[in-house]
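Chemist: Predicted coordinates and the sequence they were generated for:
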Amino acid sequence: MSTRSVGSRIRKSVPAAVAALAVACTLAACSSDEDNTPASEEAQSSLGAVVTSVREQAEGAVSSVQSAAESAAEKAGEAIDQAKLSAFVGTFRTAYPDLAADRETESIEKIVTDTCPMIEDGAPQQDIDATVQELATNGSVEPTDDQAARIAQLVKVACP
C-alpha cells in the first residue's frame, strides 16, 4: 500500500468519524444525568462505538504508515548498495584502466560480489587479496600485489 493511498484513506475516513463523534457528543450533551432513557443510553453507546472506531482507524493508519516506511527503508538500502557498486566500477575503471579495458561492467562488479562474502566471513586479508588479484586479472594483465591490496580496500567500502 503506498503512502499516498494511506493518506487518501485517512483524509476520507477521519472527517466522517469526527462528524459522527460530534453528533454523538451533541446528543449526549442534550440529555441530563437524570435522563436514563433508551435514547440517552443509545447516544452514549453510539459515542463509545464512534470513539472505538476512530481509535481503530488511527491505529490502522499508523500501522500502514510504519509498514510503508519500513518498505521504503529496505528499498533505500538496496539503492545504496547499488550506488556503492556503481561507484566501485567507476573508480576501478579510472584507477586501473589496463585492468578495466574491454571488460563488461558485470565482470568488474563480480570482484565485489565474490569478495564481499569473504570479508563478511572474516577471511584472512591474504586470502582476500589473492581472490581480488584473480578476479581483477584482465586477460594477460594481472594486478600487482600492491594493486590487489588497494582494490581489496575499495571492495570493503563497496560491501553492504
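Modeler: Looks like it arrived, so ask away.
Chemist: Domain map for this structure?
Modeler: Here the domain parsing of the chain from automatic domain parsing is 3-73, 96-158.
Chemist: Worst mean pLDDT among those?
Modeler: When the domains of the chain are compared by mean pLDDT, domain 3-73 comes last with a mean of 60.
Chemist: can you pull the contacts of D98?
Modeler: Contacts for D98 (C-beta atoms under 8 Å, 6 or more residues apart in numbering) come out as N138, V141. Bear in mind the C-beta positions are built from the backbone N, C-alpha and C, glycine included.
Chemist: Heading C-terminal from the strand or helix carrying it, find the next helix or strand.
Modeler: Applying DSSP states H and E as the criterion places D98 in helix 97-100. Per DSSP H and E, the first helix or strand lying C-terminal to helix 97-100 is helix 105-120.
Chemist: contacting residues around that next one?
Modeler: So helix 105-120 is contacted by 85, 88-89, 92-93, 100, 127-128, 131-132, 135-136, 151-152, 155-156, 158-160 (C-beta under 8 Å, 6+ apart).
Chemist: And the next helix or strand past that helix?
Modeler: With DSSP H and E setting the assignment, the helix or strand that follows helix 105-120 is helix 125-136.
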